[in-house]
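1. Got a sequence here, can you build the structure:
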Amino acid sequence: MNSAQTGPDASEGAERLDRQRRLSVLAKAPAGELLDRWKATGLDPSVELLRGPETGLIAVRARIGGSGQPFQAGEMSATRVTVRIGTGQVGHAMIAGRDARKAQLVAVIDALALDPAHAGTIEDRIVAPLEAMAMAADATVRSETAATKVNFFTMVRGED
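-> Below you'll find the predicted structure:
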């Protein structure tokens, strides 16, 4: 986003990035942890399924070295759901795997996060703690990986 950009377009862009972040955190969260945090909120909206849950395969593309030519690496299963809650907000979810119950929960949480009355609760009690938990787990893996780093040195002989 351009720093000179202001007004409705800038706020829509920020909302879209916030929603992408939220959906990413929710989709990657362990199902049990997500369910526990959901139950702790005490929220129970009326939910109408608009689409799904549908499980299918999606193509996975990769690049050699992260910058080479893209190639088809394979396929993975994914589940998607779209719901409407009683206040009219529509939530979407697409998660890796075949857990239809988790996908539906993610969609309901997404819809509630779009409702100004519940947005703060969803962020503070579900999304932020799950994001912190994921970052801590990632930091642990990085530190364990860094501990195994090996530096190789090349010795130059005195001969030319």
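
2. burial of residue 83, as a residue count?
-> Taking other CB atoms under 10 Å as the neighbour definition, residue 83 ends up with a count of 26. Every C-beta, even on glycine, is put in place using the N, C-alpha and C of the backbone.

3. give me every residue that touches it.
-> By CB atoms under 8 Å, 6 or more residues apart in numbering, residue 83 lies in contact with 47, 48, 49, 50, 90, 91, 104, 107, 108, 111.

4. next one: residue 133
-> 29, 33.

5. Wait, a helix at it?
-> Yes. Residue 133 forms part of a helix when assessed by DSSP: H, G, I helix; E, B strand; the rest coil.

6. one step back: would you mind checking the contacts of residue 83 for buried ones?
-> 47, 91, 104, 107, 108, 111 (16 or more other CB atoms under 10 Å).

7. I'd say the third one and residue 81 touch.
-> Going back to what we said before, that points to residue 104. Yes. With contact defined as CB atoms under 8 Å, residue 104 reaches residue 81; the gap is 4.9 Å.

8. got any residues that touch both of these two?
-> Listed as contacting both residue 104 and residue 81 by CB under 8 Å, 6+ apart are 49, 52, 53, 93.

9. so where's the protein shaky on pLDDT?
-> Of all residues in the chain, those with pLDDT under 70 make up the ranges 1-8, 10-11, 160.

10. center of it - which residue?
-> Nearest residue to the geometric centre of the chain (CA atoms, centre = their mean): residue 24, 1.1 Å.
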